[in-house]
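Asker: Pasting the sequence and the predicted coordinates here, then a few questions.
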Amino acid sequence: MIGLASERAAVAVGQQFQVRVVVEAGFVNRVDAAQVYLEFETDELEVLYLDAGDALEYVLQRKMDNSLGRVDFAAGTVGDPVSYPFTLATVTFRAKSITGTRGTYIGFSRLRAPRQSKAVSGGANVTGTLTGAYVVVW
């Protein structure tokens, strides 16, 4: 599974907050590469920073686009695959406008190449489910 974990469920307009991209690797589903393609509402959020986690040693792609509401990130390792849950990347957002109680959704792009989020082990897809995150902006 690859999921998004927001440090806050609600933030004020202008406030910064972080969302971690968490990969649930394990002994059975070890991971040697992962790529994620996130989407967000550009009138409600803007991305400020995109920081790599430290479990996979090589960053293969790192791109932020506030005009399209996209974050693209990929990393991998040539050493032993990771066999424990890890943070692939941390995205820092700034809230731009009030969303009301419905919140704003940060999620994964549709599962179509070339923007297909997945975790890989020895070339095999071990992704499982993809879970996004909601944040309320007040």
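Answerer: Sure, I can see it.

Asker: backbone phi and psi for Ala12, please?
Answerer: Note on Ala12: backbone dihedrals following degrees, to the nearest 10 are phi -90, psi 160.

Asker: State the pLDDT value of it.
Answerer: Looking at Ala12, its pLDDT reads 96.

Asker: ok now do the closest residue in space to it that isn't next to it in sequence, which residues does it touch?
Answerer: Nearest non-adjacent residue to Ala12, counting by C-beta to C-beta, 6 or more residues apart in numbering: Trp138, 5.9 Å away. Yep, even glycine has a C-beta here, placed from its N, CA and C like the rest. Listed by C-beta atoms under 8 Å, 6 or more residues apart in numbering, the contact set of Trp138 reads 10-13, 98-99.

Asker: give me the beta-bridge partners of Thr131?
Answerer: The bridge-partner assignment for Thr131, based on DSSP bridges, gives Gly3.

Asker: wait, isn't it in contact with Met1?
Answerer: Yes. Counting by C-beta atoms under 8 Å, Met1 is a contact partner of Thr131 at 6.7 Å.
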